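Peer 1: Kindly generate the corresponding structure for this input.
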Amino acid sequence: MRVNGALDPATRYGPQPRSDDAKHVYDVCIVGSGAGGAAAAWALAHAGLDVLVLEQGPHVDEQTSYDQVLASSEPAWVRLENGSWGRIGHAWSTCNVGGGTVFYGGVCFRHRPVDFAADLVLPGAELPLTWPWSPEDLAPYYDSLEELLGVAGDDADPAAPLGGRPHLLPPVPRSPEGEIIAEAAAGLGLRPFATPLAVNTRRHRGRPACEPSQPCISHRCPSGAKGDAITALLGPLLAAGRVRLFAGQKAVRLRRSEPGLVDDVECVGLVSGQWCAFRARCFVLACNAVQTAALLLRSRDGWSPRGLANDNGLVGAGLTFKLSEYLIGYGRCVPSAPAGHRRFGSGPFSTVSICDHYVEPSAPGGLGGLLYEARPEQTFGLGADECILRLECLVPDEPRLANQVRITEEPGDLGVPDVVMDYQPHPRDLARLEHLLQRGEAILRKAGCDIVLREPSGYRLGSCHLHGTCRSGRDPRTSVTDPDGRLHHLENVYVADGSVLPFPGAVNPVLTIEALALRTAHRLAAAVFGRRLGMDALLSEPQAMREEIR
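Peer 2: Model prediction:
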C-alpha cells in the first residue's frame, strides 16, 4: 500500500513485540538488519546464540521501489552548497529490512592494499587513516562472504589484494555497452575486468541463476539470484527460526546502570508510538555510519554527558561519503550484439570495471579511484546506429574532524532529536574526482562518443557509502572502537557497520562491511560466550535454512 508514492507507515512491519519480549534477556541484540547486521546475525546464530534483530524500516517486496523507500525514510539536516541548511539529507543507504543491499547492484569488491594503509600515501591527515586490520586478517572472512553471497568475477582485477582465492562463480557476461567500454579501455593500455557481482551466474546455494532482464537497483531481485542481505543471510535464519526480528522499531538510546555495561536499548514503535526496551547480554550496532553515531550521541547519561563512548569527542567525527559522479557518453559506437539487446539499461548494474587509476602518482595525493560501467535504473530505446555509455567515478574522501554527524538539541519526530550531517569535501578530494572524471572521459572518447555529459550523484547530501564515524583503532585517544569492533571502555557493545572504517577507499564497501561484521561476531562469540566457530561451520546450513526467501 502506498501513500503519495511512499510506503504506508501502518503496513509491512510484520509482527510487533509483546510484553514478554521486553522481559526476555537475549544473548545478543543487533540494531540494524542491513549488510553488517545480517552478517553478524549469521555468525552469531551459527554459534548457537539467542539473537534479536531490530530494524527501523519495513519489509519490502518486489513491487516496492527504491524511490518509495527513500521517500519514506527519515531525512537529516545537511549543509547546502550556498551555506544554508536543509532537512533533505540521505542518512540511510535505504531504511528497510535488509538495508541498502536489497537495492544495490551486487557490486562486491575487496578493498585494495592501499586502503588498509592510506597514511603512507596521504601523510598529515587530521585523523589516522591506517586500518587496524591487514588484508590477510580479512581474507578468510572475504572468502566466506563470497561463498555465502555467490560473488561472480573473472579474477583479472590488477589492483586486487594478493592471495585472494579465485571467484567460485564465472563472471556475469558483459553487456553490449560493457564490451565497448572494455575495448576502449584496453585500447588506452588499461586492464578492464569483470565487475565482481553477488549475482548467481549458475545455481548456487539453492538459489537460481540470474535471468538478466531487469535492472538490479530499482526493485528487489524477483528471482533470488542476487546475494542481498535478506536472500543470502537473514532470510534463511528467519525461516529456520534461528533469530527474531522486529521491524518498525526506532532505537533511541542505549541505557546502563553501571559504567561498563549497557543493560538495554530503548526503542519507539513507528506504528504504535509505544516505547519499549529490549535487554541483552551484548549489543551489536549495525545501523550505518550515520545512524550508529546518532544512537550513541543520543545515549547520554551521567557517566557520558557527551554521548556514549564519546569521551574523546570522536563519535560522529570523520564522516566520509566518497566523492562520485557519472559520465554519460553518446555516439555511434554500435555494439556487435543481437537486435534484441538494443534496449540500453536492462540487466545487471555493472559488467566491467577499471582500477588502473586507483593508485596513480599523477593524481592529487597519489590516489585516483574506481571507474566502472553503471547501467541506469530505466531502459531507453535507441536507434540502430546509436549508443549510450555510462560510467561511475568513485574516489575516496579524506576523513576530517569537521565532517561529522551531530544531533539537534531540540526534539524532532517522535520526540527524538534530528540527525545532522555536516559535510564538506576537501579541495584535494575534489581535484581527485576531477582527475578521475578526465580519465573516464578519455575512455568514452576512445569508444567513439562524440558527446560526454556529467551527471551529478548528489553525494554531498548523503550517500549509499557511509563510513568513519566510529573509527576502529588500538589507541582509545584516536578511535571509538577497538580492532574487534568493541567500544572502548564498554564491555558489551560492538559496532559492525561502515562507521568503523578509518579510511573509506574508493571501492563499494558492502563486502568489507560484511567481512568485518563477520569477524566482529566471531570475536564476540568467543570472548563473551566461549563459542568458537570455524569458517567451515559458517558455510554449512541445516536443511531448514535452505528454503528460498522471496
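Peer 1: What mean pLDDT does the one helix or strand Ala431 maps to get?
Peer 2: Assigned by DSSP states H and E, Ala431 belongs to helix 427-446. Confidence over helix 427-446 (mean pLDDT, whole number) is 96.
Peer 1: So what touches that helix?
Peer 2: With contacts defined as CB atoms under 8 Å, 6 or more residues apart in numbering, helix 427-446 is touched by 181, 184-185, 187-188, 190, 323-325, 327, 329, 354, 357, 360, 362-365, 367-369, 371, 389, 391, 393-398, 452, 454. Heads up, the C-betas are built off the backbone N, CA and C, glycines and all.
Peer 1: How about the contacts made by Ala521?
Peer 2: Residues in contact with Ala521, defined by CB under 8 Å, 6+ apart, are Ala39, Ala40, Ala41, Trp42, Ala43, Leu44, Ala47, Val284, Ala496.
Peer 1: For those, pick the one with the most neighbours.
Peer 2: In terms of neighbour count, Ala39 stands highest of these at 35 neighbours, by other CB atoms under 10 Å.
Peer 1: Distance of it relative to Gly106?
Peer 2: Per CB to CB, to the nearest Å, Ala39 is found 15 Å from Gly106.
Peer 1: for Ser72, same thing?
Peer 2: Distance from Ser72 to Gly106, by CB to CB: 23 Å.
Peer 1: one step back: which of the contacts of helix 427-446 are buried?
Peer 2: Applying 16 or more other CB atoms under 10 Å to the contacts of helix 427-446, the neighbour count classes 181, 184-185, 190, 323-325, 327, 329, 354, 357, 360, 363-365, 367-369, 371, 389, 391, 393-398, 452 as buried.
Peer 1: where does the stretch 101-250 of the chain dip in pLDDT?
Peer 2: Residue ranges of the stretch 101-250 of the chain with pLDDT under 70: 162-165, 213-215.
Peer 1: could you show me where the strands are in it, in order?
Peer 2: 243-247, 249-255 (DSSP state E, counting those that start in this stretch).
Peer 1: wait, Asp450 sits on Tyr330?
Peer 2: Yes: assessed by CB atoms under 8 Å, Asp450 is found in contact with Tyr330 at 6.8 Å.
Peer 1: out of the buried ones among the contacts of helix 427-446, which are inside helices?
Peer 2: Residues of the buried ones among the contacts of helix 427-446 located in helices (DSSP state H): Ile181, Ala184, Ala185.
Peer 1: So in the protein, which strand runs the longest?
Peer 2: Secondary structure of the chain per DSSP state E: the longest strand is strand 275-285.
Peer 1: got the phi/psi numbers for Val420?
Peer 2: Dihedral pair for Val420: phi -120, psi 130, per degrees, to the nearest 10.
Peer 1: correction: Leu518
Peer 2: Torsion angles, degrees, to the nearest 10, at Leu518: phi -60, psi -40.
Peer 1: Number the chain from 36, please
Peer 2: Sure, I'll start numbering at 36, so the last one becomes Leu553.
Peer 1: Measure how buried it is and give me the count.
Peer 2: By the criterion of other CB under 10 Å, Leu553 has 27 neighbours.
Peer 1: and it, what is it in contact with?
Peer 2: Leu553 makes contact with Ala74, Ala75, Trp77, Ala78, Tyr176, Ser179, Leu180, Leu573, according to CB under 8 Å, 6+ apart.
Peer 1: Brilliant, that's me finished.
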